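J.: One predicted model, sequence on top.
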Amino acid sequence: MSKPVVFFSHSSRDEHVLRRLKDLILAKTGATIEVFLSSDGQSIPLGRNWVYRIEAALTETAVMFVFISPNSLGSHWLYFEAGYTYARKIRVVPIGALGLDLSSIGPPLGLLQGFNIRNADGLNNILAVINEEFGFSHPLSFTNADLDALLAASPALEQAYFGEHTPLIKLVVIRFSSLPPDSQQSANQFLADQGHTYQFYHGESHTYGMSLRLAEKEKGNALLDPTHLARSFEILDSIFAQPAMQTVSRDKLLISLSPSVGLIEQRVNLTAKILGSEIALGENETLTFRGLKFNIDRDFRPSGPLVEVLRPPAPFASLPLRELIDLLFDLGVLFYEEAIG
């Protein structure tokens, strides 16, 4: 009796992560299923007709997981695979992966019930769907350490939280004040309890893409790499949701851009650019966007523009930062300096 086939629809740019995820799924299901992954060299042996083999696999598929990442947003093939499969009345499950949130996806995929992979629960949702679809009872045994390993094994993503502008973001910094005693220890205990791989030295906690210092005279900061920003925000939101940490003040969130990014520096030109957009003039020198108050200026160091969000509200995961950066580029407030040289 042949095994049921699960199809992973994805961008070839996400091959390294999905290949490793395939191996983990097969191990955790005892190889009771087959996972079709067109980019792994196994699902389609060398020398076979690629299009024909994918079409045959879609015909055999019992359930399809569509991994929607910033890399796959422009993939027409991914939407073809999902549409073809859905038309055959086969279950199609969209998954927000590698920093993309499904809430930002419109129809038709946005109408289907899916989930995001931000922590171990997202990975376990894949096992839960497999169990439900095929009557299995495999343990939901993914841990946050498994997710860390998946991300660590992947090369740097070409596009992530900030989409096409991710390579232009150098660093995201969050500054805190009014920290309760033992904040650093509380953060470390949370990371350990949740199974996150981390290091602690020189008074800082380091996990993949994030460094956290919370013991500097009741002040602290988080340094975040833009590639895995959605994951870092998820961790920070969970840390500061703990009762002892809810008095912490979120003073600023700083988005530091590359020196290759230009900025309309004259205020009169900047205000002309934002007229009629979602960005409006706020109090004093601030601007507003969807409830955020922010400033934008040149960094004092040899760097690019600095977008400074004041008193960012919780949770970090819901802040419209990508939309803000996209709009600033669309309006020409920020621009590629090479393009006007």
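T.: Okay, I see it.

J.: ok, what's across the strand from V92?
T.: M64 (DSSP bridges).

J.: With I117 as the reference, measure out to it.
T.: To I117, V92 is 17 Å away according to Cβ to Cβ, to the nearest Å. Where you see a C-beta, it was placed from the backbone N, CA and C, and this is true even at glycine.

J.: Could you do D330 as well?
T.: Distance from D330 to I117, by Cβ to Cβ: 28 Å.

J.: Which one of the two is surrounded by more residues?
T.: Neighbour count, other Cβ atoms under 10 Å: between D330 and I117, I117 has more, with 26 against 11.

J.: State the pLDDT value of that one.
T.: Here, the pLDDT recorded for I117 equals 88.

J.: Could you list the low-confidence segments of the stretch 201-341 of the chain?
T.: Where the stretch 201-341 of the chain drops to pLDDT under 70, the residues are 216, 299-302, 338-341.

J.: Would you state the helices of it in chain order?
T.: Ranges of helices in the stretch 201-341 of the chain, per DSSP state H, counting those that start in this stretch, are 229-240, 267-274, 321-331.

J.: can I assume V173 is in contact with A222?
T.: Yes - applying Cβ atoms under 8 Å, one finds V173 in contact with A222, separated by 7.1 Å.

J.: Show me which of those two is the more surrounded one.
T.: A222 (24 against 17).

J.: give the contact list for that one.
T.: By Cβ atoms under 8 Å, 6 or more residues apart in numbering, the contact set of A222 is V173, I174, F176, M210, S211, L212, R213, S232, L236.

J.: residues touching A27, list them.
T.: Applying Cβ under 8 Å, 6+ apart, no residues qualify as near A27.

J.: helix or strand for it, which one?
T.: helix 15-28 (DSSP states H and E).

J.: Next, the buried residues of that helix.
T.: Buried residues in helix 15-28, counted by 16 or more other Cβ atoms under 10 Å: E15, V17, L18, R19, R20, L21, K22, L24, I25, K28.

J.: burial of G106, as a residue count?
T.: 7.

J.: Let me know the distance separating it from L73.
T.: From G106 to L73 the distance is 11 Å (Cβ to Cβ).

J.: re the thing from before, would JSON lines of the helices of the stretch 201-341 of the chain with distance to Q184 be doable?
T.: Converted to JSON lines, those look like this (distance: least, Cβ to Cβ, whole Å):
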{"stretch": "helix 229-240", "distance to Q184": "11"}
{"stretch": "helix 267-274", "distance to Q184": "39"}
{"stretch": "helix 321-331", "distance to Q184": "26"}
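
J.: among those, which is the most enclosed?
T.: helix 229-240 (a mean of 22; mean count of other Cβ atoms under 10 Å).

J.: who touches that helix?
T.: By Cβ under 8 Å, 6+ apart, the residues outside helix 229-240 that reach it are 99-101, 118-119, 147, 151, 160-162, 172, 174, 186-187, 190-191, 194, 196, 207-210, 212, 222, 224-225, 245-246, 248, 314-317, 319.

J.: From those residues, which land in strands?
T.: Of the positions in the contacts of helix 229-240, V172, I174, T207, M210, L212, A222, L224 sit in strands, assigned by DSSP state E.

J.: The residue positioned nearest the centre of the chain and T29, how far apart?
T.: With distances taken as Cα atoms, centre = their mean, G99 lies nearest the centre of the chain, 1.1 Å away. According to Cβ to Cβ, G99 and T29 sit 26 Å apart.

J.: Which segments of the chain make up each domain?
T.: For the chain, automatic domain parsing gives the domain ranges 5-153, 166-340.
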